[in-house]
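Peer 1: Build me a model:
(chains A and B)
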Amino acid sequence: MNDHNEQQHTIIALVQDRPGVLTRVASLFRRRGFNIASLAVGASEQPGLSRLTFVVTGDQYTVEQATRHLDKLVDVVKVSNISGEDVVARELALIKVRATPSSRSEILEMANLFRAKVVDVGARSLVVEITGEEDKIDALYHLLRPFGILELMRTGRVAMVRGKAGGRISDDVGADSITIGRNGVAAQLAGSAPGHYEGV
Amino acid sequence: MEMTGAEIICESLLREGVDTIFGLPGGAVLPFYGALSGYPALRHILVRHEQAAAMAADGYARATGKVGVCSATSGPGATNLVTGLASAQMDSVPIVCITGQVPRPAIGRDAFQETDITGITLPVTKHNYLVMDVRDVAPAIKEAFYIARTGRPGPVLIDVPKDILAGEKIEFEWPETIDLPGYNPPGEPDPQQIAAAAQLIDQSERPVILAGHGVLISRAWDELRQLAEKAQIPVITTLLGIGSLPTDHVLHMGMPGMHGMAYASLAIDRSDLVIALGARFDDRVTGRLSDFAPHAKIIHFDVDPSEFNKNVVADVPVLGDLKAGLRALVNRVNSNVHLDWIKETDNLRAEHPSLFIRKSDVLLPQQVLKELSDETNGESIIVTGVGQHQMWAAQHYGYKEPNSLITSGGSGAMGFEVPAALGAKVGRPDKTVWSIAGDGGFQMTLCDLATAVENNIDVKYAILNNGSLGMVRQWQDFFYDKDFFSTIYSKNPDFVKLAEAYGIRGIRVTKQEEVAGAIQEAMETPGPVVVDFVVKEDEFVYPMIPAGESVHEMLEEPEAEGVVG
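Peer 2: The predicted model follows:
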């Protein structure tokens, strides 16, 4: 079901730093059948709260269900779907690429073109650090592939809406913030049709 | 005064107004029991199996509207709670569960009776806690009760390591506030949504109300009745909504869905507006979603935003407390009469009686329920498990009061009826409590008859004994070429002797003319009684809408001579 209109959505969740909070989130996505394309976690500007950036693949129905169920978790303070927003989105990757004395300079040149940094030089390899949107990382990866990729580590997307104030709990992080729990905002409840399934 | 974690739990439970705990001790939780024995205001009912503790807490919660409490030890004690927790989670029943855990230094080392119960119960609880500091005990309990009973209720489990129960003593301080920034249960609904709902209701010509468990949870039965009477709207109740309007009310239109009354399902099919009140459009209610209420707009009241558009898209979603929402709605809607529509629904009732009990030479299970309804004047609390007996109890008993049917609805847990009835009776000693069981479910939890005897919990057990897993057998008959593989219990115990072995009265009924007398005898006998109704083996529950089908594929009982139930 729901194989039409699949697309990627960026969801940001502010969560309490409590043991097991990641398990709760991961377990929820697994048991409700939502696919996480990437997940990045880190401290927020507020002590005791962390910020998670998810990239969820699915149609409108799936992403609505995912955000509402996420918002139901007691440890999740706030959920925003920022997909339609003007956002800054970044990912960091470390790429260990095979480098011989003859190929080293060519690799360095490519890294420079992408404003990537070489952060380690070994006898037979280089580690390149690159930050940017996913396509930029994909592009460098494809260019480096012919040299031989020994290891790749990507952080997953972190994202932030441009321009608005802080990101305090009370602030709107994005237009589609799920704050129905407090305000009963009806417009946010309108949604797309569920898929149908065979009888159980 | 300085207290251990165990004493803090007891003090905290008293602060939450707890009077009863269903449980069974073991090594890790023993310090809690040591403290509990010094708190006579906290009545502990010792069960024979932890599953009974969770299910009794469920029955207690539903019968009283309070939070049910159960406890168990670590490892297998805790895992035995899981089926009961899953049932409570599906049916939105507030329970707080306290489990012992191995001491903190032993956690993660595969210690004796160690189980990651917070991990295991993650999907079957509303929230859970592993308390790792004695200072967190009181706040965790206060939060747990708050989370369990507010918003959409549900079970909350608190796992407490043994060295916190019986370790460092601290000054007991009952927290005055709760700090849960991520938990904000909705309050009163948005007046704009109420206005939009009222407008749809005023414009509709063929409205129906679909009353779910939410009506009972938010204690909104008076408001439901006012709305139905003011706007003259037939009320259909889901399985868990039964009792939200008395069955004999003129606007009561039965239960819809797989084994609902045909007229109820047909009324939804023909309606132009479905007003769902605290109902979640379960597949057993809707059948094939694309054919559900095809001509109707949908108003959906729910306290849980994730229910909106989950199965059925709502034209007007109304988020918030149902009681407040209905009160506002009753004031907004116009008085109305839908004479043509009411006449049409009356015709549906006449054409599809659905509660027909045919003449038979052998005892039919439907007759038992019908006579039980008559003998108790529809005023007992009925507790069921899952299966044919559950559906007949939903169909043939005339419920007069809210919360008088307690059943494992969403989860469909066999054996629920034995312990949940104990909890219901403990919570409502003023009521007659009948546990309706199948012989299959009864044998899953019958060990807790001993709990009934030991604590003199006066539950009347009626077994509809067809010597088989009746509902499964019915599916085999209808959909699996009548291959009755593994559904026949050919060597059931003698339930009368079994009752006597537990020291209680056992009555066997095999003839139709014995039914009323046995029911009266059971009710006149003080204390628990088991009545073994030996009923027709291959009786079917009708009507039936096969899974994944619509009302148009409904199977109704073949015509026969009989009486309308």
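Peer 1: what about the residue in the stretch 401-550 of chain B that chain A sits nearest to, distance to residue B:472?
Peer 2: Scanning the stretch 401-550 of chain B for proximity to chain A using Cβ to the nearest Cβ identifies residue B:548 as nearest, at 1.9 Å. Heads up, the C-betas are built off the backbone N, CA and C, glycines and all. Taken as Cβ to Cβ, to the nearest Å, the spacing of residue B:548 relative to residue B:472 amounts to 17 Å.
Peer 1: what's the answer for residue B:440, then?
Peer 2: Per Cβ to Cβ, residue B:440 is found 8 Å from residue B:472.
Peer 1: More neighbours: which of those two?
Peer 2: Comparing residue B:440 with residue B:472 by neighbour count (other Cβ atoms under 10 Å in any protein chain shown), the higher total belongs to residue B:440, at 27 against 17.
Peer 1: By average pLDDT, which secondary structure element in chain B comes out worst?
Peer 2: Every helix and strand in chain B was compared by mean pLDDT, DSSP states H and E; the lowest is strand B:562-564, with a mean of 63.
Peer 1: residue contacts, residue B:462?
Peer 2: For residue B:462, the contacting residues are B:368, B:372, B:434, B:435, B:436, B:437, B:519, B:522, B:531, B:533, by Cβ atoms under 8 Å, 6 or more residues apart in numbering or on different chains.
Peer 1: quick one: it is in a strand?
Peer 2: Yes - Residue B:462 forms part of a strand when assessed by DSSP: H, G, I helix; E, B strand; the rest coil.
Peer 1: who's it bridged to?
Peer 2: Residues in a beta bridge with residue B:462, per DSSP bridges, are residue B:436, residue B:531.
Peer 1: Quickly note the distance from the residue nearest to the spatial centre of chain A to residue B:508.
Peer 2: Relative to the mean C-alpha position of chain A, the nearest C-alpha, by Cα atoms, centre = their mean, is the one of residue A:157, at 3.5 Å. Going from residue A:157 to residue B:508 by Cβ to Cβ gives 69 Å.
Peer 1: shaky segments in chain B?
Peer 2: By pLDDT under 70, the weakly predicted segments of chain B are B:563-565.
Peer 1: who touches the residue nearest the centre of chain B in this structure?
Peer 2: Note on chain B: the residue nearest the mean C-alpha position is residue B:407, at 3.7 Å, using Cα atoms, centre = their mean. Contacts for residue B:407 (Cβ under 8 Å, 6+ apart) come out as B:239, B:240, B:382, B:383, B:384, B:385, B:386, B:390, B:393, B:394, B:416, B:417.
Peer 1: what are the ranges of the helices in chain A?
Peer 2: With DSSP state H applied, chain A shows helices at A:21-31, A:60-72, A:104-113, A:134-144, A:180-183, listed in chain order.
Peer 1: any idea which of these is most buried?
Peer 2: helix A:60-72 (a mean of 23; mean count of other Cβ atoms under 10 Å in any protein chain shown).
Peer 1: Would you mind splitting chain A into its domains for me?
Peer 2: A:4-86+A:168-185, A:88-154 (automatic domain parsing).
Peer 1: would you turn those into CSV with mean pLDDT and distance to chain B?
Peer 2: Written out in CSV, the entries for those read as follows (pLDDT from 0 to 100; distance: least, Cβ to the nearest Cβ, whole Å):
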stretch, mean pLDDT, distance to chain B
domain A:4-86+A:168-185, 82, 4
domain A:88-154, 96, 25
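Peer 1: out of those domains, deepest packed?
Peer 2: The densest packing among the domains of chain A, expressed as mean neighbour count by mean count of other Cβ under 10 Å, is seen in domain A:4-86+A:168-185 with a mean of 18.
Peer 1: chain center to that domain: distance?
Peer 2: What separates the centre of domain A:4-86+A:168-185 from the centre of its chain is 10 Å, taken as Cα atoms, centre = their mean, to the nearest Å.
Peer 1: Likewise for stretch B:37-52?
Peer 2: Distance, stretch centre to chain centre, for stretch B:37-52: 22 Å (Cα atoms, centre = their mean).
Peer 1: what's the answer for stretch B:299-311, then?
Peer 2: A distance of 20 Å separates the centroid of the chain from that of stretch B:299-311, by Cα atoms, centre = their mean.
Peer 1: ok, now stretch A:71-87?
Peer 2: Between the mean C-alpha point of stretch A:71-87 and the mean C-alpha point of its chain there is a distance of 12 Å (Cα atoms, centre = their mean).
Peer 1: In three-state terms, label the residue lying closest to residue B:448 once chain neighbours are set aside for me.
Peer 2: Leaving aside its sequence neighbours, residue B:448 sits nearest to residue B:52 (Cβ to Cβ, 6 or more residues apart in numbering or on different chains; 4.3 Å). Three states are possible here, and by three-state DSSP the one that applies to residue B:52 is helix.
Peer 1: what about residue B:52, distance to residue B:419?
Peer 2: 4 Å.
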